[in-house]
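[1] sequence first, predicted coordinates after that:
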Amino acid sequence: MIDFFYYQSPNARKVLIALEELELPYSIRWVDITKGDQHQPEFRAINPNGKVPAIVDHDGPSGRPMALFESGAILEYLADKTGRLLPRDAALAWEARAWVYWQAANQGPMAGQATHFLRYAADRGVDDSYARDRYLREAARTYEVLNTRLDDRDYLVGEYSIADIMCFPWTRVADGHGVSLDDYPAVKTWSERIKARPTAKVRIEDRRDEAARQSAYTDEQWEQLFGAPAPNRTSGPAS
Ligand SMILES: N[C@@H](CCC(=O)N[C@@H](CS)C(=O)NCC(=O)O)C(=O)O
């Protein structure tokens, strides 16, 4: 059994899709990152970086329990554990890993920061246009990279792999980081292809409260999530 430390987010969704695809038994452990669960010592012992996703596999290497964090490492571990979701061809498997690392170092962080300035900061009336535009540009650039790669193939390394699972969830929330999939037709077709898989449709009970669902965090939620006092809502949500 795998304990899966989860919150409703694209990074946690990668692991959810992989667990479903691999038919591995798991139990959801809800980590409310708007209430500060990620900063508790019990969770820090599992992920010193204090973020979801994380897992504890009670049947880890040599049959011993093992804790793991970072979505890319978790996907690679699950692929290794089951011998699935990585091409058998060694060169292709390395290409898949390169896309996994690319996502964690590029698409994820840029889309995350773009969302911060476009949605969360804007909700507080903060308009830092230089930072916002920089992250929007970089987020858009990652879609250009994906679009070029997917122009002549159905999946990132030809067959469905952890590389696709890593990149897919962010494309489902693209409008949040200022990207329209209509501008990236190969990404759109690929994203719809993955969305059609039953394992990509799985739904976990959404335990977020209304403020978190709307990305209009309370002062307390903001401070837990972003580690700084919330800016005053001086002028209300920016349009
Ligand atoms: N590179 C990490 C990113 C994880 C991440 O940013 N998780 C966010 C949710 S999407 C989180 O837990 N945020 C809580 C916090 O920063 O306090 C991964 O891919 O696992």
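    Nice, thanks for sending it over. Numbering: from 1, shown residues only.
[2] which residues touch residue 140?
    Contact analysis of residue 140 by C-beta atoms under 8 Å, 6 or more residues apart in numbering lists 178, 179. All C-beta spots, glycine's among them, are computed from the backbone N, C-alpha and C.
[3] again, 7 Å this time
    Residues near residue 140 by C-beta atoms under 7 Å, 6 or more residues apart in numbering: residue 179.
[4] doesn't it belong to a helix?
    Yes - the assignment for residue 140 by DSSP: H, G, I helix; E, B strand; the rest coil puts it in a helix.
[5] tell me how many other residues crowd residue 15.
    By other C-beta atoms under 10 Å, the residues close to residue 15 number 26.
[6] in contact with it, which residues?
    Neighbour list for residue 15: 4, 53, 55, 71, 74, 75 [criterion: C-beta under 7 Å, 6+ apart].
[7] and the third one, how far is that from the ligand?
    Distance from residue 55 to the ligand, counting by C-beta to the nearest ligand atom, to the nearest Å: 11 Å.
[8] how about the fifth one?
    Going from residue 74 to the ligand by C-beta to the nearest ligand atom gives 7 Å.
[9] low pLDDT regions in the protein?
    Where the chain drops to pLDDT under 70, the residues are 234-239.
[10] in CSV, list the contacts of residue 15 along with secondary structure and neighbour count.
    Formatted as CSV, these follow (DSSP: H, G, I helix; E, B strand; the rest coil; neighbours: other C-beta atoms under 10 Å):
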residue, secondary structure, neighbour count
4, strand, 24
53, coil, 23
55, strand, 27
71, helix, 29
74, helix, 24
75, helix, 29
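[11] give me the neighbour count for the closest residue to residue 25 other than its chain neighbours.
    Residue nearest to residue 25 in three dimensions, not counting chain neighbours: residue 1, with 5.2 Å by C-beta to C-beta, 6 or more residues apart in numbering. Applying other C-beta under 10 Å, we find 11 residues neighbouring residue 1.
[12] got a list of what residue 1 touches?
    Residue 1 makes contact with 25, 26, 27, 58, according to C-beta under 7 Å, 6+ apart.
[13] contact residues of this protein facing the ligand?
    9, 11, 33, 38, 50-53, 70-71, 104, 108, 225 (C-beta under 6 Å from any ligand atom).
[14] now those as JSON lines including secondary structure?
    Listed next are those as JSON lines, based on three-state DSSP:
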{"residue": "9", "secondary structure": "coil"}
{"residue": "11", "secondary structure": "helix"}
{"residue": "33", "secondary structure": "coil"}
{"residue": "38", "secondary structure": "helix"}
{"residue": "50", "secondary structure": "coil"}
{"residue": "51", "secondary structure": "coil"}
{"residue": "52", "secondary structure": "coil"}
{"residue": "53", "secondary structure": "coil"}
{"residue": "70", "secondary structure": "coil"}
{"residue": "71", "secondary structure": "helix"}
{"residue": "104", "secondary structure": "helix"}
{"residue": "108", "secondary structure": "helix"}
{"residue": "225", "secondary structure": "helix"}
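[15] show me which pair in these is furthest apart.
    104 and 225 (19.5 Å; C-beta to C-beta).
[16] what ranges does this structure have for its strands?
    In the chain, strands defined by DSSP state E lie at 2-6, 26-30, 54-57, 66-69, listed in chain order.
[17] who wins on neighbours among the residues of the chain next to the ligand?
    Within the residues of the chain next to the ligand, residue 71 tops the neighbour count with 29 neighbours, counted by other C-beta under 10 Å.
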